[in-house]
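[1] structure for this input, please:
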Amino acid sequence: MPPEAQIGAVPTARPPESTTQEGELGSSPSNPIPLGSPATIEDVTLTIFKVIFPADEVAKQGSSLNPTPPGSAHYLLVRVAQTCGAPTPGSCHLGPLRLLDSSGEVHFPNIDLTGVPCEIPLGEFPAGEAREVCLVFLAPEGDENLALRYESFFGEEAYFALR
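    Below you'll find the predicted structure:
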């Protein structure tokens, strides 16, 4: 596995000073952290370890009530491993994960699907805890430059490749 990328890793007790520089791995959608590579942002280590695109069949298998994606969009399922590396006792605050397409449009997780074992990974979790979550997005068909954008509790951003 590639070495861990460190982006703005600071204690969660105070807002960080921005240490992201242009061209640093994960600092932009054009230079994302590779799929399967861990990155630590403010004590939270994230690893995108599985992507299913299109995931229309996963949604259909979850429930016949799940809507068919509109137009030329498809469901995209992303599995994320998260670990809180804060000192004990302590906790980590997980910020939002959003899908960014090549046109710059931001897509929010789809929370309306039934029977698909995914959850929106927000909130606080204890030091030392590791968990896996998944999210489902609607994504444009044929977009080869999709990226997952993570925004930390204190505003640091990191971009992850999905291919």
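[2] just the strands in the protein please.
    Secondary structure of the chain (DSSP state E): strands at 5-6, 39-41, 44-52, 73-84, 91-94, 97-100, 106-107, 123-126, 130-140, 147-151, 157-161.
[3] got any ranges where the chain has weak pLDDT?
    The chain contains residues with pLDDT under 70 at 1-22, 119-122.
[4] could I get the strands of the chain as a markdown table with distance to residue 33 and mean neighbour count?
    Every residue, glycine included, has its C-beta placed from N, CA and C. As requested, the strands of the chain are exported to a markdown table (distance: least, CB to CB, whole Å; neighbours: other CB atoms under 10 Å):
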| stretch | distance to residue 33 | mean neighbour count |
| --- | --- | --- |
| strand 5-6 | 5 | 18 |
| strand 39-41 | 5 | 23 |
| strand 44-52 | 8 | 20 |
| strand 73-84 | 12 | 20 |
| strand 91-94 | 16 | 21 |
| strand 97-100 | 13 | 21 |
| strand 106-107 | 18 | 14 |
| strand 123-126 | 21 | 13 |
| strand 130-140 | 17 | 18 |
| strand 147-151 | 9 | 22 |
| strand 157-161 | 5 | 23 |
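[5] what's the closest of those strands to residue 59?
    Proximity to residue 59, assessed across the strands of the chain by CB to CB, is greatest for strand 73-84 (4.9 Å).
[6] hang on, the earlier thing: looking at the strands of the chain, which is closest to residue 60?
    For residue 60, the closest of the strands of the chain is strand 73-84, at 9.2 Å, according to CB to CB.
[7] okay, angle between that closest one and strand 157-161 too, please.
    120 degrees (axes from the mean of the first three to the mean of the last three CA atoms, to 10 degrees).
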